[in-house]
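> just coords:
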């Protein structure tokens, strides 16, 4: 199986526009400039880090119960 080289929404503008237009939610994401794109990237990285911290805390607390 050959993987397609689509790139990410950060380095392929047409992919980012298509992702924003084709959202499955009621209101698609509207990114009008690079500043907003960078802000979304920072937010996603923060959410990812926060999720990992919560996961680690959950594993720690469940481990203490055993």
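Nice, I can see it. Values in this document were obtained by computation on a predicted structure and should not be read as measured data.

> got the buried residues for stretch 53-66?
Within stretch 53-66, no residue counts as buried by 16 or more other CB atoms under 10 Å. Every residue, glycine included, has its C-beta placed from N, CA and C.

> now do stretch 46-55
The neighbour-count criterion (16+ other CB under 10 Å) identifies no buried residues in stretch 46-55.

> mind giving me the domain split of the chain?
According to automatic domain parsing, the chain is divided into the following domains: 1-31, 33-66.

> Which of those domains comes out lowest on mean pLDDT?
Out of the domains of the chain, the stretch the model trusts least by mean pLDDT is domain 1-31, with a mean of 70.

> Return the distance of the helix of greatest length in the chain from the chain's centre.
Scanning the chain for the longest helix, with DSSP state H as the assignment, gives helix 34-65. Going by CA atoms, centre = their mean, to the nearest Å, the spacing between the C-alpha centre of helix 34-65 and its chain's C-alpha centre is 11 Å.

> what's the closest non-adjacent residue to residue 8?
Counting by CB to CB, 6 or more residues apart in numbering, residue 8 lies nearest to residue 15, which is 7.4 Å off, once chain neighbours are set aside.

> correct me, but that neighbour touches residue 31?
No - counting by CB atoms under 8 Å, residue 15 does not reach residue 31; the two are 12.0 Å apart.

> More neighbours: which of those two?
Neighbours were tallied for residue 15 and for residue 31 using other CB atoms under 10 Å; the higher tally belongs to residue 31 (18 against 14).

> gap between the more buried one and residue 65?
Taking CB to CB, to the nearest Å as the measure, residue 31 falls 44 Å from residue 65.

> Ok, residue 29 next?
Here the distance between residue 29 and residue 65 works out to 40 Å (CB to CB).

> cool, and residue 56?
Applying CB to CB, one obtains 15 Å for the distance of residue 56 from residue 65.

> ok, now residue 17?
48 Å.

> Next one: residue 21 from residue 41, what distance?
Noted for residue 21: a distance of 19 Å to residue 41, by CB to CB.

> An error on my part: the question was meant for residue 10.
Using CB to CB, one obtains 6 Å as the distance from residue 10 to residue 41.

> can you check residue 59 too?
Where residue 41 is concerned, residue 59 sits at a distance of 27 Å (CB to CB).
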